[in-house]
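Engineer: need a structure here:
(one chain, ligands or ions: 1)
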Amino acid sequence: MDWYAKHYLKSLELQNEALQRAFRKELEFLAQHCVGKLKILEVGSGNGRVIEGISDRLMELEPKKRPHVFIGVDINQELVDLATKEQVRRSLGYYSDDFIQDSSRRRPYGAVHFFCMDGRMVGRDFAEERFNVSFTAYNTLGAIEDIGSVVDAMAYVTRPEGEIINLVWSTEPETTKFLEGYYPALGFKIEELHPEKTILRDEAGEAHVINRPPVRDLVQAYLAAGIRDFSVSNVGRLYTCIVGKKPERG
Ligand SMILES: C[S@@+](CC[C@H](N)C(=O)[O-])C[C@H]1O[C@@H](n2cnc3c(N)ncnc32)[C@H](O)[C@@H]1O
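Structural biologist: Presented below is the predicted three-dimensional model:
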C-alpha cells in the first residue's frame, strides 16, 4: 500500500474529536446536497466511508425513499478493494435472516459500485451528463496536482443543473493549527507548514507534499470548466467548500 493510502487509513483509525466533528459536518453537508438525487459520484472514494455515510443519512432524510446509484472512483486499487469488500459485507447483511425479520433495517433501494480509476479520467469511462451530483471530500483535491483536470472531468460527467462539490482543508489559521497536531500523530515530521502547502517527511525519510487548494485556485478551476454559478463557504471549522451548478445546455 502506498504511503498516502497508509496515512489515510491511519487517520481514520486515530480520529480525534476535531476530525470527528469535521467529518460529521462534511457528511451532513454532502447528504443534504444528495437528497432526491439519483446518481452520485465521489472522486477519491477511499475506503468508501463517505458514500456509506451519505447513503445511511439519506435513509433518514428522505421521507419518501428514492433509489440512489453511488459510484466511487479511486486511483488506489487496494482502497477500492477495501471499499468493495465492505460494501458486499453490508449488502449481505441486508439480505440476511436478520434483515428479513427486521424491517427497520430494510434498504430496498440503491446500488453502490467502486472502480479503480484516476479521477481526471472519469469522462473517459462514464458518459457525459451521467451524474446529478459529483463531489470530492476530505481534501482529496489536495492530493492531486492538477485540480483543473479533476474539476473539468467532474463537470463533464455531471448533468445540466447538477452540482459539482469539492471540500478541501481551509487555508485558515485554525486548520493550520489542527494540522500541526494531525500529521505528527500519523507519524510524519512536518518540514514546512504553509497555508496552501505542507511538506512532510515519513518514517523512512521520504518527503511528501500535500496541498490545501486556496479559494482562488478552486474558483479558477470552476471557471475554466465553464461553471459560472458557484458559491464558496466554510463547512465546520476546518473545511472550505465550493459548490457549483453545471450550466444548462446551449
Ligand atoms: C484523503 S483521501 C479521502 C478518501 C475518502 N473520500 C474519505 O473521505 O474517506 C483521498 C483519496 O483520493 C484518492 N486519490 C488521490 N489521487 C487520485 C486521483 N487522481 N484520482 C482518484 N483518486 C485519487 C486517494 O487514493 C485517496 O483514497
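Engineer: give me every residue in this structure lying close to the ligand.
Structural biologist: Residues of the chain lying near the ligand by CB under 6 Å from any ligand atom: 5, 8, 43-46, 49-50, 73-76, 79, 118-120, 137-140, 143-144. All C-beta atoms are positioned from the backbone trio N, CA, C, and that covers glycine.
Engineer: strands - which of the residues you listed land there?
Structural biologist: Judged by DSSP state E, the residues of the chain next to the ligand include 43, 73-74 as members of strands.
Engineer: any of those buried? List them.
Structural biologist: Among these, the ones that count as buried by 16 or more other CB atoms under 10 Å are 43, 73-74.
Engineer: tell me where the model's unsure across the protein.
Structural biologist: 91-110, 250 (pLDDT under 70).
Engineer: how about the helices in it?
Structural biologist: With DSSP state H as the criterion, the chain has helices at 3-14, 17-34, 49-61, 77-94, 97-101, 122-125, 147-157, 173-185, 215-224.
Engineer: can you redo these as TSV with mean neighbour count?
Structural biologist: Converted to TSV, those look like this (neighbours: other CB atoms under 10 Å):
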stretch	mean neighbour count
helix 3-14	15
helix 17-34	17
helix 49-61	19
helix 77-94	16
helix 97-101	10
helix 122-125	16
helix 147-157	23
helix 173-185	15
helix 215-224	17
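Engineer: need these in TSV (columns: distance to residue 246).
Structural biologist: Below are the helices of the chain laid out as TSV (distance: least, CB to CB, whole Å):
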stretch	distance to residue 246
helix 3-14	29
helix 17-34	13
helix 49-61	20
helix 77-94	26
helix 97-101	37
helix 122-125	13
helix 147-157	6
helix 173-185	28
helix 215-224	10
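Engineer: closest one to residue 206 among the ones you listed?
Structural biologist: Across the helices of the chain, residue 206 has its closest neighbour in helix 3-14 (7.0 Å, CB to CB).
Engineer: residues touching that closest one, excluding its own?
Structural biologist: Applying CB atoms under 8 Å, 6 or more residues apart in numbering, the contact partners of helix 3-14 are 1, 19, 46-47, 49, 76, 78-79, 143, 182, 185-188, 202, 206, 208.
Engineer: contacting residues for residue 187?
Structural biologist: 7, 10, 202-203.
Engineer: quick check: buried residues in stretch 186-203?
Structural biologist: Across stretch 186-203, burial judged by 16+ other CB under 10 Å covers 186, 188, 198, 200.
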